[in-house]
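[1] sequence plus the predicted model coming up.
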Amino acid sequence: MADPGPRSLLYEGIMLPALVHSTESVRYAQLGFQVRDRDVFSVTYPKSGTTWMQELLTLIHSDGDPQLARSVPSWERVPWLEQTTAAGFLEKRPCPRLISSHLPCGLFPTSFHGSNAQVIYTVRNPKDVCVSLYYYSKMASFLEFQEDFGEFVELFSAGKVLFGSWFQHVKGWLGLRDRLNFLLLTYEEMHQDLRGSVERICQFLGKPLDARALDGVVENASFQAMKQNKMCNYSLVPENIMDQRISPFLRKGVPGDWKGHFTVAQNQAFDRLYREQMQDVGVRFPWDEP
Ligand code: A3P
């Protein structure tokens, strides 16, 4: 691993933004945090639909009522386990706690294993993740930034970006996919059929919603609704930390944006790497070739 850069922290070979992580906070997540059976985790590699799932889980637990989602910041409603604020947000919170995490499976709390806590793992086409992360690195002053997109693709391909390799992250978590307390979702299926995806989440959580509540969830978790909700569009974050004039946090919100960014050569090289890395995974994703 190359030098992580001044804005990053290296934890067990994984690069993390130092602004909101410390060695102690990640060690606490891994070793000190006590998972409870009714905890619900949303796990994602960055830029894969984390904020979207934070909104969906809040709305599902509020029976489609947007009041909570519009009055409390998303990072407080569904806090990140590995960030420095986690203990303060989570320790005294009653169950069911809704918790976000970007941690690779190997760094997840040891107390998770053997618990009945549930994990929803949302995965997104890595080329779109790469594009989204490129723009995010431009607008977020706490991230290392590579001016040239081609160089960024190389760093992303080599896993030299925050939270390490997309391939390692996805393959690690897919190892849990046969467990009853694990739900695998894709950004792409959420985009294609949000209502159906919400129904799958509700079924997994054992929280059926009536049609009106479902309408409330789907309406308030649309890209347009979220863009207008200052509790999840990151407009509460000062401009010197996130400059949305450079690139909005909720940027495009579509699958396939990579097509306007990857050159033919970059695309071929990435496809080769993808085939090498994913050939034995045994899961077909919406972006996989037929
Ligand atoms: P883009 O940069 O491609 O627009 P994360 O929350 O994990 O950081 O992911 C951010 C990405 O999810 C951004 O992708 C953002 O626009 C997209 N996103 C967030 N909410 C969304 C929604 N309701 N519908 C579609 N995409 C959404």
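    That came in fine, so what should we check first?

[2] could you find the closest non-adjacent residue to the residue of the stretch 101-250 of the chain found nearest the ligand?
    Per CB to the nearest ligand atom, Ser132 is where the stretch 101-250 of the chain lies closest to the ligand, at 3.3 Å. C-beta coordinates here come from the backbone N, C-alpha and C atoms, glycine included. In this structure, Ser132 finds its nearest non-sequential neighbour in Lys47, 3.9 Å apart by CB to CB, 6 or more residues apart in numbering.

[3] just Leu133 next, same as before
    Using CB to CB, 6+ apart, the closest residue to Leu133 is Lys47 (4.8 Å).

[4] contacting residues for the one you found?
    Applying CB atoms under 8 Å, 6 or more residues apart in numbering, one finds that Lys47 lies in contact with Arg124, Asp128, Val129, Ser132, Leu133, Tyr136.

[5] need phi/psi at it.
    The phi/psi pair for Lys47 (degrees, to the nearest 10) reads phi 70, psi 30.

[6] in strands, which of the contacts of Lys47 fall?
    The members of the contacts of Lys47 all map outside strands under DSSP state E.

[7] how close does the residue nearest to Leu133 get to the ligand?
    To the ligand, Lys47 is 4 Å away according to CB to the nearest ligand atom, to the nearest Å.

[8] quick revisit: neighbours around the residue of the stretch 101-250 of the chain closest to the ligand, how many?
    Using other CB atoms under 10 Å, Ser132 has 22 neighbouring residues.

[9] which residues of the stretch 1-150 of the chain lie near the ligand?
    Thr44, Pro46, Lys47, Ser48, Gly49, Thr50, Thr51, Trp52, Asp128, Ser132, Tyr135 (CB under 6 Å from any ligand atom).

[10] format these as CSV; extra columns: pLDDT.
    Listed next are these as CSV, based on pLDDT from 0 to 100:
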residue, pLDDT
Thr44, 98
Pro46, 98
Lys47, 98
Ser48, 98
Gly49, 98
Thr50, 98
Thr51, 98
Trp52, 98
Asp128, 98
Ser132, 98
Tyr135, 97
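
[11] out of the residues you listed, who's nearest Glu199?
    Among those, Trp52 lies closest to Glu199 (CB to CB), at 15.8 Å.

[12] the closest one: what secondary structure?
    The three-state assignment at Trp52 reads helix, by DSSP: H, G, I helix; E, B strand; the rest coil.

[13] what ranges do the helices span in this structure?
    Applying DSSP state H to the chain gives helices spanning 23-27, 50-61, 74-77, 86-90, 126-139, 149-157, 166-174, 187-192, 194-205, 211-220, 223-228, 264-278.

[14] let me know which of the ones you listed is tucked in deepest.
    Among the helices of the chain, helix 50-61 has the highest mean neighbour count (mean count of other CB atoms under 10 Å), at a mean of 24.

[15] what is that helix packed up against?
    strand 40-44, helix 74-77, strand 98-101, strand 118-123, helix 194-205, helix 211-220, helix 223-228 (3 or more CB pairs under 8 Å, 6 or more residues apart in numbering; DSSP states H and E).

[16] and the ligand, is stretch 196-203 touching that?
    No. If you take CB under 6 Å from any ligand atom as the test, stretch 196-203 misses the ligand, and the best it gets is 10.9 Å.

[17] which residues does that stretch contact?
    If you take CB under 8 Å, 6+ apart as the criterion, stretch 196-203 is touched by 56-57, 60, 120, 183, 185, 189-190, 208-209, 214, 217-218, 221.

[18] in a markdown table: the residues you listed, plus distance to Arg251 and pLDDT.
    Formatted as a markdown table, those follow (distance: CB to CB, whole Å; pLDDT from 0 to 100):
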| residue | distance to Arg251 | pLDDT |
| --- | --- | --- |
| Leu56 | 19 | 98 |
| Leu57 | 22 | 98 |
| Ile60 | 25 | 98 |
| Ile120 | 23 | 98 |
| Leu183 | 26 | 98 |
| Leu185 | 20 | 98 |
| Glu189 | 20 | 98 |
| Met190 | 16 | 98 |
| Pro208 | 33 | 96 |
| Leu209 | 29 | 98 |
| Leu214 | 27 | 98 |
| Val217 | 23 | 98 |
| Val218 | 21 | 98 |
| Ala221 | 17 | 98 |
